[in-house]
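Asker: Have a look at this fold, sequence not included:
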Ligand code: AMP
């Protein structure tokens, strides 16, 4: 995950909850993709350190478990840069230019110049991150499937030149409801519409109070349509079945107003956030705990990365230290 700072409800249901479940069934690696962050945010790195800390604090708060999985920071492992470089030698430009998210972001992100070498190579770096651990499965949402597919193609091509080094990773398509933010667009830090895992109950209630609802329901006495209401989308994820039924029924008959409906939702979200915020507190009080977890995980990942790179260098025949010298055999 790119270090964007505090995480929101969209990150929780779109990523973290899936990862927590996978930790019990797979040997998992969770990492801070700080180099990936630089491919788009190269001009503004002032907040990088605190963003890493806040994000990993939220991982721990949400329930990711460093005893079950390895947490690390990408840039602390130069092996990832080396593998990225070697993979870039065999990755045709056309493959990268055709990646859907590349064109889409070039067109949509207007406040920064993304016509950069590093940005085009983003999926090659991602391939290096995945292949380094010889991953069998990569848990991603729909939007990342093409990147994993590209990783498979790069692995196949590398193996074709240098021998069977990398397995081809499978996509583990994760359930990722696209959670709306308070303005009805996808919940996102950059839209200023997010409810954060660390938001206290009164902030959650206040944000929900301003959230847009069924635009056709203008007065309290108008009947509403939950099918087009983003507040109802949040109910479906965070509320109990009886509450979802109640809101669904009583909105359509105007028995309840939008404020009543939002209060029920606030109660349910806050109840869900309570254990998360409780787990968050010791890490907030002592951020060194977070950095220690990252340090320990980074060293664990480093062992795997070093081993993979020994094998890669031997396959590419650039491991001169162990090569015969020729002169004396
Ligand atoms: P991002 O930092 O936006 O790339 O998000 C990190 C992870 O959270 C990705 O796996 C996203 O798919 C997921 N995510 C972000 N925003 C949302 C959202 N509004 N609804 C569901 N999942 C989300």
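Answerer: Structure's in. What do you need? Because the structure is a prediction, the values reported are computed rather than measured.
Asker: Could you measure from residue 224 over to residue 183?
Answerer: Note on residue 224: its distance to residue 183, by Cβ to Cβ, to the nearest Å, is 18 Å. No exception for glycine: its C-beta is placed from N, CA and C like everyone else's.
Asker: between those two, which one's more packed in?
Answerer: Just comparing residue 224 and residue 183: by other Cβ atoms under 10 Å the higher neighbour count belongs to residue 224, 24 against 14.
Asker: would you say the more buried one is within a helix?
Answerer: No. With DSSP: H, G, I helix; E, B strand; the rest coil as the criterion, residue 224 is assigned coil and is not in a helix.
Asker: And the residue of the chain found nearest the ligand, what's its pLDDT?
Answerer: For the chain and the ligand, the shortest gap (Cβ to the nearest ligand atom) falls at residue 14, measuring 2.0 Å. Note on residue 14: pLDDT of 91.
Asker: got the contact list for residue 125?
Answerer: Counting by Cβ atoms under 8 Å, 6 or more residues apart in numbering, residue 125 makes contact with 35, 36, 39, 80, 84.
Asker: Report the next helix or strand after the least confident helix or strand in the chain by mean pLDDT in sequence order.
Answerer: The element with the least model confidence among the helices and strands of the chain, by mean pLDDT, DSSP states H and E, is helix 100-108, at a mean of 89. Per DSSP states H and E, helix 100-108 leads on to helix 117-120 as the next helix or strand towards the C-terminus.
Asker: Just name whatever secondary elements that next one is in contact with.
Answerer: Helices and strands touching helix 117-120, as assessed by 3 or more Cβ pairs under 8 Å, 6 or more residues apart in numbering; DSSP states H and E, comprise helix 34-41, helix 93-97, helix 100-108.
Asker: chain center to that helix, what's the gap?
Answerer: Between the mean C-alpha point of helix 117-120 and the mean C-alpha point of its chain there is a distance of 20 Å (Cα atoms, centre = their mean, to the nearest Å).
Asker: Stretch 23-37 too?
Answerer: Between the mean C-alpha location of stretch 23-37 and the chain-wide mean there is a distance of 9 Å, by Cα atoms, centre = their mean.
Asker: Pull out the buried residues from it.
Answerer: Going by neighbour count (16 or more other Cβ atoms under 10 Å), the buried part of stretch 23-37 is 23, 26, 28, 29, 30, 31, 32, 33, 34, 35, 36, 37.
Asker: for stretch 266-282, same thing?
Answerer: Quick answer for stretch 266-282 (16+ other Cβ under 10 Å): 266, 267, 268, 269, 270, 273, 276, 277, 280.
Asker: With stretch 91-111 instead?
Answerer: Neighbour counts using 16+ other Cβ under 10 Å place 91, 96, 99, 102, 105 of stretch 91-111 among the buried residues.
Asker: can you list contacts of that stretch?
Answerer: 40, 114-115, 119-124, 127, 143, 146-147, 150, 153-154, 157.
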